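K.L.:
Kindly generate the corresponding structure for this input.
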Amino acid sequence: MIKVKKVLNSSVVLAEDEQKKEFILFGKGIGYGQKAGNIIEERQADQMFIPIENVKVKEFLGLLDAIPPVFIEITQKIVGYAEEKLSTKLNTGIYFTLMDHLNFAVERYKKNINITNRVYWEIKNYYREEFEIGKLAVKLMNERFEIELPKEEAANIAFHLINARGEQKESRDGMRYAKMIGSIVNLVRYTLSINIDEDNIHYSRFITHVKFFVERFYADKMLNDESDLLFEQMANLYPQAMDVAFKVREYIKQVNGKTIPNDELAYLAVHIHRLITYNQLG
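P.N.:
Reported below is the predicted structural model:
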């Protein structure tokens with residue numbers, strides 16, 4: 001049994017269960033006519049329960065009074081669509097960060113304030129699924145408010161989706177990820193001096209590998225089984241690819257002060273070799 005503890009606005013209430021565990025409950029019109037102590041029936045399809053024990057949720061509770069309910073509805077639509085398209089559950093904190101962002105985006109538009117996204121190109125090219133969802137979200141916002149948000153807003157929304165991927169409590173630093181991915185990809189492309197078809201399957205696999213590589217790097221979970229067999233094989237069979245991989249290693253060491261293991265270097269070289277091979281065949 002869930003009871004209302006406090007009505008935050010027409011679409012959001014603070015609730016608690018029989019064990020006194022607190023929840024934020026989203027639902028269109030769920031706050032209308034409610035008061036503390038009322039029992040909430042779990043009847044609405046669009047209801048969303050978020051445990052309040054999450055520290056970040058507590059931080060955003062104060063924002064709800066200043067955010068019109070329409071942004072809660074739009075946020076639910078965007079998050080639901082994103083989870084379906086990405087086939088993953090997003091960190092629940094996105095309900096607060098995204099609705100706050102959308103509200104601020106409309107405010108900025110009305111005041112003619114445009115904030116440049118410094119990693120727009122990287123997000124557009126290396127997080128294509130999230131970017132496409134961002135574009136749809138911008139279309140939804142434009143239609144709802146009869147405005148014309150700048151194209152960069154799609155990347156801004158994608159940025160929030162990137163940060164919310166996965167079940168981890170701490171969100172990832174999407175801007176930092178995108179910057180490193182872009183730096184590695186550009187280093188490989190310029191070193192090889194080749195034109196790469198970005199729609200090619202080998203390029204897509206390369207980008208996917210770099211994404212996971214960057215995730216492991218920042219999570220301190222680099223591959224390292226202390227066996228140099230693959231490393232030695234790659235060095236002997238594909239010296240050009242290994243040479244490029246070594247440049248990536250040196251770049252990362254200079255920028256971050258950390259040396260990536262030989263295992264990671266070898267797997268990176270595998271994907272670089274595929275790019276080289278495809279280009280030669282093309």
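K.L.:
downstream neighbour of the helix or strand of the chain with the lowest mean pLDDT in the secondary structure list?
P.N.:
Using mean pLDDT, DSSP states H and E, the weakest-scoring helix or strand in the chain turns out to be helix 55-61, at a mean of 57. Once helix 55-61 ends, the next helix or strand along the chain (criterion: DSSP states H and E) is helix 69-86.
K.L.:
Could you name the helices and strands sitting against that following helix?
P.N.:
Contact partners of helix 69-86 among helices and strands, from 3 or more CB pairs under 8 Å, 6 or more residues apart in numbering; DSSP states H and E: helix 94-110, helix 128-145, helix 152-164. Heads up, the C-betas are built off the backbone N, CA and C, glycines and all.
K.L.:
Sort out which residues of the longest one are buried, please.
P.N.:
Along helix 128-145, these residues count as buried under the neighbour rule (16 or more other CB atoms under 10 Å): 130-131, 133-138, 141, 145.
K.L.:
Just put those residues in a markdown table and tack on pLDDT and distance to residue 247.
P.N.:
Output for the buried residues of helix 128-145, formatted as a markdown table (pLDDT from 0 to 100; distance: CB to CB, whole Å):
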| residue | pLDDT | distance to residue 247 |
| --- | --- | --- |
| 130 | 94 | 28 |
| 131 | 96 | 28 |
| 133 | 97 | 34 |
| 134 | 97 | 32 |
| 135 | 97 | 34 |
| 136 | 97 | 38 |
| 137 | 97 | 37 |
| 138 | 97 | 37 |
| 141 | 96 | 42 |
| 145 | 95 | 47 |
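K.L.:
Could you point out which of those is nearest to residue 240?
P.N.:
residue 131 (31.8 Å; CB to CB).
K.L.:
Residue 124 is in contact with the closest one, correct?
P.N.:
Yes. Here residue 131 reaches residue 124: they are 5.1 Å apart, a contact under CB atoms under 8 Å.
K.L.:
Go ahead and name everything in contact with stretch 114-128.
P.N.:
108, 130-131, 150, 152, 154-156, 158-159, 162, 174-175, 178-179, 181-182, 185, 198, 207, 210-211 (CB atoms under 8 Å, 6 or more residues apart in numbering).
K.L.:
Ok, which of the helices and strands packed on helix 69-86 comes nearest residue 78?
P.N.:
Nearest of the helices and strands packed on helix 69-86 (CB to CB): helix 128-145, 4.7 Å.
K.L.:
and that closest one with helix 152-164, angle?
P.N.:
Here helix 128-145 points in a direction 120 degrees away from that of helix 152-164 (axes from the mean of the first three to the mean of the last three CA atoms, to 10 degrees).
K.L.:
about what we covered before: pick the one among the buried residues of helix 128-145 closest to residue 227.
P.N.:
residue 130 (35.5 Å).
K.L.:
gap between the closest one and residue 6?
P.N.:
Taking CB to CB, to the nearest Å as the measure, residue 130 falls 34 Å from residue 6.
K.L.:
do the same with residue 235
P.N.:
64 Å.
K.L.:
More neighbours: those two, which one.
P.N.:
Set residue 235 next to residue 6 and count neighbours by other CB atoms under 10 Å: residue 235 wins out with 19 against 15.
K.L.:
coming back round to it: separate out the buried members of the contacts of stretch 114-128.
P.N.:
130-131, 150, 152, 154-156, 158-159, 162, 174-175, 178-179, 181-182, 185, 207, 210-211.
K.L.:
Nearest residue to the spatially most central residue of the chain in space, please, no chain neighbours.
P.N.:
Residue closest to the average C-alpha location in the chain (CA atoms, centre = their mean): residue 162, at 0.4 Å. Once flanking residues are discounted, residue 162 sits nearest to residue 174: 3.8 Å by CB to CB, 6 or more residues apart in numbering.
K.L.:
Report the contact partners of that neighbour.
P.N.:
123, 159-160, 162-163.
K.L.:
and those residues as TSV, adding distance to residue 113 and pLDDT?
P.N.:
As requested, those are exported to TSV (distance: CB to CB, whole Å; pLDDT from 0 to 100):
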residue	distance to residue 113	pLDDT
123	20	88
159	18	86
160	19	89
162	23	89
163	22	83
